[in-house]
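>>> give me a model of this one.
(2 chains)
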Amino acid sequence: MPIRALTGNEAMAEAMRQINPDVVAAYPITPATEIVQLFASFVADGLVDTEFVPVESEHSAIAACTGAAAAGARVMTSTASQGLALMHEILYIAAGLRAPIVICEVNRSMSSPINIHCDHSDTMGSREAGWIQIFAEDAQDAYDLTIQAIRISEEVLLPVIVSTDAFIISHSMQRVDILEDNEVQKFIGPHKSPYSLFEKTITIGPLDLQDYFFEHKRQQIDAMWKSPQIIEKVAKEFATKFGRTYGFLEQYRMEGAEQVIIACGSTCGTARVAIDTLREKGIKVGLLNLRVMRPFPHAKLLELLKSFKLVSILDRSVTMSTMGGPVYVELRSALYDAPERPLLVDYIYGLGGRDIDVEQIMDVALKGEQIIKKNKVEKPVDYIGLRE
Amino acid sequence: MEKIFEVRWHGRGGQGAKTAAILFGDAAMSTGKYLQAFPEYGPERMGAPVQAFNRLSDSKITLHCGVKEPDVVVVLDPTLLESQPVTKGLKSDGTIIINTLLESKELRKKLNLATQKVFTINASGISRDTLGRELPNTPMLGALAKVTEIIGLEDLIAYTKKKLVKKFRGKGSGVIEGNLESIKRAYNSVRGG
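All right, here's what the predicted structure looks like:
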């Protein structure tokens, strides 16, 4: 297996080259620009067979992708932040049409104030659009999960967003194990579409009023319910073939822990170092990497977390509901059915790219010790690294 | 290298600090190491102070936060000594490598460094000779390789050549040879301790 030093963006572009999609329609935006730029150079150099459509906006990009996917093509694009927001209208349309599309996304804050750095506001802002959402921790994850996303998307017939953290991963060069082109092709297999516009004349996207709209939505919800099975199956097959394990949740040193820290994306990597240090000091804390946000793995989370004394959530975005961040809000809801629930604390951190370091994550666990001792959460939603 | 080894590069926009960090990380990977190479992203302007970073280790690196206590600091531009906190967080047994005409003894005093190692190299002079203009990044790469012993000269030259050929494809071999000569000269003339 070739080893290369790649940034998150380069790793995603390389995965796209090996996937060799039929259509890529894209519009560049920082910090995802490189993905599109590199892919455009693959097209220009004749390394892929892709029809590349350099459109005039992200709205057009995802619209062209949806049309191409509906016509039976294997389709990918890339975006970030305001770009994903501009796609918002069509994100729902793509999901409703059950169009398999994969977006290589880079998590970046939403304006205003304008900022190009990482938080999860953009991705979390589109979590009700009907897309499967997968957070990559590093460049290796970004590469592997992009390849898996093609299979997931085409088997469930739902579009998938795979995201990395802006700059922290998108622009950081790391060692990445790359598969051979033919291994990727063999893993994803030929694109199968349930129908093709070229074979049969059908209508896509007609008016669907009171008589059937609800049933179609119900089918979409069912697809989301069935997707965990496919996500796990694809992850298992990937692990068997290539030796790297993925899936919904990654548990790190949770055995014998009293408290658990839960996070998405690159922070999980830094948290792992914090957990190792804390464990050496005898503090019983583990980490849960929430890799898939949609569908939200509520049943698994309930089963896994119900017996811990405390769960601290690291949220890199806010809901503006005044109830904290999205992971906290949804986890709180998921744990409602547990006869005995852990205490929960939410920490909003890292907005607009504010760094989070090992000590700050260690502090979360140290505060956690106090909360466990008092058996009481005084501040359910708190902040890390914020001047007040 | 059980621990994570961290490098902070100080330069000015246009001097190639980011490229040097990438070349160094890439070359270190060729020796079997895990690596990270990343710049600090801010407003990007020619001449403005910039930083870039490396992390190296024998095992997978999962840290994704900023580098606060580097093992090595590399200063590409001597004027940064006046305006930037180049020694901030440098480990007490760390190393600083500076592009300068001054002696390491003078710099040790000027920067108030008691326990750290101080190395100097006339990287600007070398690049003016080899490239005809001031591009101190590849000479500093050579100096860093020598001081840290992370990669030998021959391997560094071979690996960097491969990377530069790709980067400068179609731009003639003069710029590539000039850069490789820069690395060699700096490797052989960095001084201090």
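
>>> distance from the chain centre to the helix or strand harbouring residue A:183, please.
Under the criterion of DSSP states H and E, residue A:183 resides in helix A:181-188. In terms of Cα atoms, centre = their mean, to the nearest Å, the centre of helix A:181-188 is set 22 Å apart from its chain centre.

>>> and it, what does it pack against?
Applying 3 or more Cβ pairs under 8 Å, 6 or more residues apart in numbering or on different chains; DSSP states H and E, one finds that helix A:181-188 makes contact with helix A:8-19, helix A:139-156, helix A:213-242. To be clear about C-beta, it is placed using only N, CA and C from the backbone, and glycine gets the same treatment.

>>> now do the contacts for residue A:18.
Contacts for residue A:18 (Cβ atoms under 8 Å, 6 or more residues apart in numbering or on different chains) come out as A:147, A:179, A:181, A:184, A:185.

>>> now do it against chain B, distance only.
Separation of residue A:18 from chain B (Cβ to the nearest Cβ, to the nearest Å) stands at 19 Å.

>>> from residue A:146, how far off is that residue?
9 Å (Cβ to Cβ, to the nearest Å).

>>> identify the contacts common to these two.
Counting by Cβ under 8 Å, 6+ apart, nothing touches both residue A:18 and residue A:146.

>>> residue A:269 looks like it's in a helix, true?
Yes: judged by DSSP: H, G, I helix; E, B strand; the rest coil, residue A:269 forms part of a helix.

>>> nearest spatial neighbour of it, skipping sequence neighbours?
residue B:62 (3.5 Å; Cβ to Cβ, 6 or more residues apart in numbering or on different chains).

>>> next, give phi and psi for that neighbour.
For residue B:62, the backbone dihedrals (degrees, to the nearest 10) come out as phi -110, psi 0.

>>> just the one 10 residues further on next, same as before
Taking degrees, to the nearest 10, you get phi -140, psi 140 for the backbone angles of residue B:72.

>>> grab the nearest non-local neighbour of residue A:286.
For residue A:286, ignoring the flanking residues on the chain, the nearest one in space by Cβ to Cβ, 6+ apart is residue A:254 at 3.4 Å.

>>> tilt between the helix holding residue A:183 and helix A:8-19?
80 degrees (axes from the mean of the first three to the mean of the last three Cα atoms, to 10 degrees).

>>> follow-up on the earlier one: my read: the residue nearest to residue A:269 touches residue A:276, true?
No: counting by Cβ atoms under 8 Å, residue B:62 stays clear of residue A:276, with 9.5 Å between them.

>>> more neighbours, the two?
Shown here are residue B:62 and residue A:276; by other Cβ atoms under 10 Å in any protein chain shown, residue B:62 has more neighbours (19 against 14).

>>> A helix includes residue A:21, no?
No: per three-state DSSP, residue A:21 lies outside any helix segment and is coil.

>>> burial of it, as a residue count?
Neighbour number of residue A:21 under other Cβ under 10 Å is 25.

>>> so it touches residue A:77, yeah?
No: using Cβ under 8 Å, residue A:21 is not in contact with residue A:77; the gap is 9.2 Å.

>>> other SSEs contacting the lowest-mean-pLDDT helix or strand in chain B?
The helix or strand of chain B with the lowest confidence, counting by mean pLDDT, DSSP states H and E, is helix B:153-167 at a mean of 92. Secondary-structure packing of helix B:153-167 (3+ Cβ pairs under 8 Å, 6+ apart): helix B:17-29, helix B:137-148, helix B:174-189.

>>> tell me which of these is the most buried.
helix B:137-148 (a mean of 26; mean count of other Cβ atoms under 10 Å in any protein chain shown).

>>> so what touches it?
B:5, B:7, B:9, B:11, B:15-17, B:19-20, B:23-24, B:27, B:72, B:74, B:76, B:95, B:97, B:99, B:117, B:119, B:121, B:123, B:126-127, B:150-153, B:156, B:160, B:179-180, B:182-188, B:190.

>>> near chain B, which residues of chain A?
Taking Cβ under 8 Å from any Cβ of the partner chain as the measure of proximity, chain A contacts chain B at A:3, A:5, A:116-117, A:137-138, A:165, A:167-169, A:171-175, A:266-270, A:272-273, A:355-358.

>>> can you tell me how far the residue lying farthest from the centre of chain B is from chain A?
Here chain B reaches farthest from its C-alpha mean at residue B:170, the gap being 26.1 Å by Cα atoms, centre = their mean. Going from residue B:170 to chain A by Cβ to the nearest Cβ gives 13 Å.

>>> helix, strand or coil: sort out that residue for me.
Classification of residue B:170 by three-state DSSP places it in coil.

>>> element containing the residue nearest the centre of chain A?
The centroid of chain A falls nearest to residue A:134 when counting by Cα atoms, centre = their mean (2.3 Å). Using DSSP H and E, residue A:134 maps to strand A:132-135.

>>> direction included, what does that strand pair up with?
Next to strand A:132-135 in the sheet, as set by DSSP bridges, lie strand A:160-165 (parallel), strand A:292-294 (antiparallel).

>>> mean pLDDT and distance to residue A:367 for those - can I get that in CSV?
Shown next, in CSV, are these (pLDDT from 0 to 100; distance: least, Cβ to Cβ, whole Å):
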stretch, mean pLDDT, distance to residue A:367
strand A:160-165, 98, 24
strand A:292-294, 98, 25
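
>>> for residue B:89, find the nearest of those.
Residue B:89 sits nearest to strand A:160-165 of all these, at 23.3 Å, using Cβ to Cβ.

>>> list the contacts of the residue in the stretch 201-350 of chain A positioned nearest to chain B.
Here the residue of the stretch 201-350 of chain A nearest chain B is residue A:269; by Cβ to the nearest Cβ that distance is 3.5 Å. By Cβ under 8 Å, 6+ apart, the residues touching residue A:269 are A:137, A:138, B:62, B:63, B:64.

>>> let's see if you can find the most crowded of the residues you listed.
In these, the most neighbours by other Cβ under 10 Å go to residue B:64, 28 neighbours.

>>> which SS state does it fall under?
Residue B:64, by the three-state scheme (three-state DSSP), is coil.

>>> wait, it touches residue A:138, no?
Yes: taking Cβ under 8 Å as the definition, residue B:64 is a contact partner of residue A:138 at 7.2 Å.

>>> quick one: end-to-end length of stretch A:68-87, please.
16 Å (Cα to Cα, to the nearest Å).

>>> now it: how far from the chain's centre is it?
A distance of 15 Å separates the C-alpha centroid of stretch A:68-87 from that of its chain, computed with Cα atoms, centre = their mean.

>>> stretch B:26-40 now?
Its chain's C-alpha centre and that of stretch B:26-40 lie 13 Å apart, by Cα atoms, centre = their mean.

>>> next, the buried residues of that stretch.
Across stretch B:26-40, burial judged by 16 or more other Cβ atoms under 10 Å in any protein chain shown covers B:26-30, B:33-40.

>>> quick one on the thing from earlier: now the strand holding residue A:134: mean pLDDT?
Taken as a whole, strand A:132-135 has an average pLDDT of 98.

>>> what of stretch A:178-185?
98.

>>> just the buried residues of it, please?
A:178, A:179, A:184.
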